[in-house]
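S.K.: here is my input, please return the structure:
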Amino acid sequence: MSNKEILCLLEKDAKLTPEQIAAMTGSNATEVGQLIKQAEDDHIIVKYKTLINWDKVSNNRVLALVEVKITPQRDVGFDAIAERIYKFAEARTVYLMSGTYDLAVLVEGHTMQEIAEFVTRKLAPIEGVTGTTSHFVLRCYKEDGEILGTKEEAKRQAVFL
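M.R.: Numbers count the residues shown, from 1 in each chain. All right, here's what the predicted structure looks like:
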């Protein structure tokens with residue numbers, strides 16, 4: 001049994017118990033529990049998460065991927081600006097990227113206008129931010145490795161001209 005094996009199993013199903021993992025890996029449940037506890041203490045396991053298909057629950061959630069161009073700061077590079085951005089409640093995920101834009105920020109709001117307000121009033125005015133481009137998510141087909149919905153739900157009605 002390796003730590004990586006345990007982490008991979010927990011990443012696929014956070015509800016697995018140490019006993020279940022031990023049975024799957026041929027390990028000792030007490031040792032598995034200790035390894036999990038150590039991974040939590042070391043902040044290797046950051047959070048246990050439930051993936052919800054919100055499209056089936058409500059329509060009052062809007063996501064946007066906002067690309068952010070920034071000027072790196074002396075001695076801290078991109079980190080200081082990234083930290084300012086990830087502290088906003090609207091920012092669900094923040095990645096440092098290669099390419100034309102430096103950061104990719106997944107933003108969540110209740111309306112497109114709410115996200116636009118966030119970008120124009122909070123994000124764009126940050127010193128060092130030199131540009132943004134927003135892309136609104138129209139539909140999520142797959143998240144965290146899981147396909148959302150069925151093929152039947154994904155089909156579109158044919159349009160004949």
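
S.K.: if you skip the residues just before and after it, what's nearest to Thr130?
M.R.: Leaving aside its sequence neighbours, Thr130 sits nearest to Lys69 (Cβ to Cβ, 6 or more residues apart in numbering; 4.8 Å). Glycine gets a C-beta too; all of them are placed from N, C-alpha and C.

S.K.: the one you found touches Gly128, doesn't it?
M.R.: No: counting by Cβ atoms under 8 Å, Lys69 stays clear of Gly128, with 9.7 Å between them.

S.K.: pLDDT averaged over stretch 117-130 - what is it?
M.R.: Averaged across stretch 117-130, pLDDT comes to 97.

S.K.: cool, and stretch 44-60?
M.R.: Per-residue scores along stretch 44-60 average to 84.

S.K.: what are the buried residues along it?
M.R.: Judged by neighbour count using 16 or more other Cβ atoms under 10 Å, the buried positions of stretch 44-60 are Ile45.

S.K.: that one: how far from the chain's middle?
M.R.: Its chain's average C-alpha position is 10 Å from that of stretch 44-60, according to Cα atoms, centre = their mean, to the nearest Å.
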